[in-house]
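Enquirer: this one's sequence-less:
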């Protein structure tokens with residue numbers, strides 16, 4: 001839908017714009033066919049991936065898997081409900097190996113224990129525990145083409161709401177000629193009723209810092225509002241003989257999309273199947289370490305996002321960080337700006353969380369914040385100076 005040129009992290013005091021580093025690229029895409037009013041809505045990122053899989057030899061069977069069992073010989077037996085010439089028919093497929101890659105949103109926001117696919121999986125793997133999820137709210141805003149063009153190439157991250165409207169993270173991404181995709185995460189979304197989305201959207205749009213970003217003429221594209229699950233932990237016992245779970249069904253990078261986790265878990269699983277074996281012990285040897293790496297990295301991610309959120313939502317801390325970044329930008333060229341680089345990696349997900357966490361607490365980083373941030377801010381407050 002567009003190429004992103006900058007990411008803006010909005011703080012309580014001032015916003016920090018981060019240009020996309022040299023040699024890196026960021027694009028906005030639509031995963032599915034919504035919102036209804038956009039051009040070529042059936043051409044999207046998921047359809048592109050499906051077409052690429054077909055080119056590589058995959059056979060696509062249109063239908064719904066409603067059960068997977070083991071045959072008498074120990075082979076996975078998949079029962080599908082297929083739509084053959086508008087007549088629903090059941091068909092059984094024997095497989096050498098079955099990979100569950102159905103995500104955590106068979107229906108957006110549904111309880112996983114109610115999913116037929118998860119029930120079937122737990123019968124095959126009695127000790128399987130699905131990952132924990134939390135509700136998000138995703139919706140489209142429709143605006144004048146002139147305003148969308150003005151925002152093209154920009155992505156906004158806002159990490160706070162208000163005293164009564166608790167947000168941990170939100171993003172605003174222009175897509176195409178007339179739509180903005182908005183994603184909200186926070187306790188106010190967690191604790192709200194499923195049918196209360198319009199009230200939540202109104203509260204979000206009424207926030208002073210959001211009103212400064214968006215024009216009053218922006219309107220809600222009500223054809224595209226959903227409350228999907230977002231994975232926030234790692235599943236347990238996600239494999240067995242001739243069977244494994246990948247992608248969001250097993251884990252995801254904390255507060256990022258599931259594309260990376262799908263790619264890395266699928267790659268690790270494929271390497272294991274081809275080079276080690278397809279039994280449970282082989283998967284424990286080759287596949288389980290990939291899952292554990294995600295789990296360990298997400299532990300660091302929780303701390304990274306907590307410190308980041310506290311900083312940007314606090315008036316003094318937000319100002320200190322802004323002054324530190326401003327001071328570094330005045331004295332260092334782009335390649336040497338440590339604080340810019342850390343913020344970019346947090347906002348974009350362009351590194352693992354453990355590396356980011358370590359970089360955040362290196363003595364050099366803390367020194368930059370103390371000298372360029374605390375001292376400059378304290379001096380400015382003492383002199384009554386307000387920096388532009």
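Expert: Ah, there it is. This structure is a prediction, so every number in the text was calculated from the model and none was measured. Numbers count the residues shown, from 1 in each chain.
Enquirer: Would you mind listing where the stretch 101-250 of the chain has pLDDT under the threshold?
Expert: The model of the stretch 101-250 of the chain has pLDDT under 70 over residues 215-218, 220-223.
Enquirer: Strands of that one, start to end?
Expert: All strands of the stretch 101-250 of the chain, identified by DSSP state E, counting those that start in this stretch, fall at 133-135, 137-142, 154-158, 169-175, 179-185, 219-226, 229-231, 239-240, 243-245.
Enquirer: which other helices and strands contact the last one?
Expert: Judged by 3 or more C-beta pairs under 8 Å, 6 or more residues apart in numbering; DSSP states H and E, the packing partners of strand 243-245 are strand 98-100. Placement of C-beta: from N, CA and C, glycine included.
Enquirer: Show me what the strand it packs on is packed up against.
Expert: strand 243-245.
Enquirer: residues contacting residue 175?
Expert: 1-2, 28, 30, 38, 181 (C-beta atoms under 8 Å, 6 or more residues apart in numbering).
Enquirer: Taking these, please make a ChimeraX selection of just the buried ones.
Expert: The buried residues among those can be selected in ChimeraX (16 or more other C-beta atoms under 10 Å) with this line:
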select :1,2,28,30,38,181
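Enquirer: Dump the contacts of residue 175 to JSON lines, plus secondary structure and distance to residue 374.
Expert: What follows is the contacts of residue 175, written out as JSON lines (DSSP: H, G, I helix; E, B strand; the rest coil; distance: C-beta to C-beta, whole Å):
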{"residue": "1", "secondary structure": "coil", "distance to residue 374": "41"}
{"residue": "2", "secondary structure": "strand", "distance to residue 374": "38"}
{"residue": "28", "secondary structure": "strand", "distance to residue 374": "37"}
{"residue": "30", "secondary structure": "coil", "distance to residue 374": "43"}
{"residue": "38", "secondary structure": "coil", "distance to residue 374": "47"}
{"residue": "181", "secondary structure": "strand", "distance to residue 374": "37"}
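Enquirer: and the most centrally placed residue in the chain, what does it touch?
Expert: By C-alpha atoms, centre = their mean, the chain has its centre lying nearest to residue 256, at 2.4 Å. Neighbouring residues of residue 256 by C-beta under 8 Å, 6+ apart: residue 349.
Enquirer: which SS class is it?
Expert: Assigned state for residue 256: coil (three-state reduction, DSSP: H, G, I helix; E, B strand; the rest coil).
Enquirer: That one and residue 48, how far apart?
Expert: In this view, residue 256 and residue 48 are 20 Å apart by C-beta to C-beta, to the nearest Å.
Enquirer: Distance of residue 219 relative to residue 364?
Expert: 47 Å.
Enquirer: neighbour-wise, which of those two wins?
Expert: Legend: neighbour count by other C-beta atoms under 10 Å for residue 219 and residue 364, higher for residue 219 (11 against 8).
Enquirer: From what I see, the more buried one and residue 142 are in contact.
Expert: Yes - the pair residue 219 / residue 142 is scored as a contact, 5.3 Å apart, by C-beta atoms under 8 Å.
Enquirer: Quick check: neighbours shared by the two?
Expert: With C-beta under 8 Å, 6+ apart, residue 219 and residue 142 have no common neighbours.
Enquirer: Any idea what residue 98 is bridged to?
Expert: residue 243 (DSSP bridges).
Enquirer: ok, now which ones touch it?
Expert: Residue 98 neighbours (C-beta under 8 Å, 6+ apart): 68, 76, 78, 242-244.
Enquirer: on that earlier part again, for residue 292, find the nearest of the strands of the stretch 101-250 of the chain.
Expert: Checking these against residue 292 by C-beta to C-beta gives strand 239-240 as the closest, at 12.4 Å.
Enquirer: List the neighbouring strands of the closest one plus their orientation.
Expert: Using DSSP bridges, the strands paired with strand 239-240 are strand 243-245 (antiparallel).
Enquirer: Contacts for the partner strand next, please.
Expert: With C-beta under 8 Å, 6+ apart as the test, strand 243-245 has contacts from 68, 76, 97-101, 121, 124-125, 128, 235, 238-239, 269, 283, 287.
Enquirer: How far does that strand sit from its chain's centre?
Expert: Centre-to-centre, strand 243-245 and its host chain are 22 Å apart (C-alpha atoms, centre = their mean, to the nearest Å).
Enquirer: Ok, stretch 155-170 next?
Expert: With C-alpha atoms, centre = their mean, you get 16 Å for stretch 155-170.
Enquirer: now residue 211: how far from residue 184?
Expert: Distance, residue 211 to residue 184, using C-beta to C-beta: 16 Å.
Enquirer: ok, now residue 111?
Expert: 20 Å.
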